[in-house]
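Trainee: Provided below are the primary sequence and the corresponding predicted coordinates.
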Amino acid sequence: MPSRTRLTTKKRRELESIFHKHNFEDYKWINPSKIVVSQWVRMKCTFGCREYGKTASCPPNVPSVAECERFFHEYKDAAIFHFAKKMEKPEDRFNWTRKINMKLVNLEREVFLSGYERAFLLFMDSCCICGECSGDRATCKEPRLSRPAPEAMAVDVFSTVKQVGYPIEVLSDYSQAMNRYAFLMVA
């Protein structure tokens, strides 16, 4: 495997101008080797998430934990995007995340077209692009748009975002603001 180098300051600034063009202002750069991949995250998906087995970009329709870890090690730069929001009704979360995830996919595309052929996005929540998911990668209605969430790729989001100083905590009720994170793998 060829050795990858980190992005130069100039290249980061070029990417940041694309981020700003898409109105993404709250982000931090991270070396993907610092992204924490853990088996316990997959177990929480398997035995605690209502999306398990129901969406084409959630477990078991994603790579194994070991494959996820190898995937992150193929990159030298990534951006973490932070989104904070308070919801009056829990069910409003899905419309909010769907809109942001679609904007993020457009960002990923522009980064790709700017010469970053390895650009790959991890949504801030489960895919939810379609009103009803087929639940299978082979029959996904939007395979070019669908992306996994960091947790689907076994990312310990709590440990990872704390490393770069972002806030995150377990919420005990919906009166608290959510802190959500998307990851854009770049180089």
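Mentor: Ah, there it is. Residues are numbered from 1 along each chain as shown.
Trainee: All the helices of this structure, residue numbers only.
Mentor: Using DSSP state H, the helices assigned to the chain run over residues 9-21, 39-46, 65-73, 92-113, 157-163.
Trainee: Which one of these lies nearest to A138?
Mentor: A138 lies closest, by Cβ to Cβ, to one member of those: helix 65-73, at 18.1 Å. All C-beta spots, glycine's among them, are computed from the backbone N, C-alpha and C.
Trainee: what's in contact with that closest one?
Mentor: Contact partners of helix 65-73, identified using Cβ atoms under 8 Å, 6 or more residues apart in numbering, comprise 32-33, 35, 37-39, 42, 62-63, 153-155, 185.
Trainee: Mind giving me the PyMOL command for buried ones among these?
Mentor: Remark: buried members of these, expressed as a PyMOL selection using 16 or more other Cβ atoms under 10 Å:
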select buried, resi 32+35+37+38+42+62+153+154+155+185
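Trainee: now the helices of the chain in CSV, with mean pLDDT and distance to G131?
Mentor: What follows is the helices of the chain, written out as CSV (pLDDT from 0 to 100; distance: least, Cβ to Cβ, whole Å):
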stretch, mean pLDDT, distance to G131
helix 9-21, 97, 29
helix 39-46, 95, 22
helix 65-73, 97, 28
helix 92-113, 94, 10
helix 157-163, 98, 26
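Trainee: For stretch 84-102, give me every contacting residue.
Mentor: 83, 123-125, 127-129, 145, 147, 167, 174-180, 182.
Trainee: I only care about these that end up buried; give me the PyMOL line for that.
Mentor: Remark: buried members of the contacts of stretch 84-102, expressed as a PyMOL selection using 16+ other Cβ under 10 Å:
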select buried, resi 83+123+124+125+127+128+129+145+147+178+179+180+182
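Trainee: end to end, how far does stretch 133-145 reach?
Mentor: End-to-end distance for stretch 133-145: 13 Å, by Cα to Cα, to the nearest Å.
Trainee: just stretch 25-32 next, same as before
Mentor: With Cα to Cα as the measure, stretch 25-32 spans 20 Å from end to end.
Trainee: quick one: buried residues of that stretch?
Mentor: 27, 30, 32.
Trainee: does the second one really touch I80, like I thought?
Mentor: Yes. Between I30 and I80 there is a contact under Cβ atoms under 8 Å: 5.6 Å.
Trainee: Find the residues that touch each one of these two.
Mentor: Joint contacts of I30 and I80 (Cβ under 8 Å, 6+ apart) are 160, 164.
Trainee: re the thing from before, and the buried residues of stretch 25-32, which of them are in strands?
Mentor: Assigned to strands by DSSP state E, the following of the buried residues of stretch 25-32 qualify: 27, 30.
Trainee: so can I have JSON lines of the buried residues of stretch 25-32 showing pLDDT and distance to R93?
Mentor: Below are those laid out as JSON lines (pLDDT from 0 to 100; distance: Cβ to Cβ, whole Å):
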{"residue": "Y27", "pLDDT": "98", "distance to R93": "21"}
{"residue": "I30", "pLDDT": "97", "distance to R93": "25"}
{"residue": "P32", "pLDDT": "97", "distance to R93": "27"}
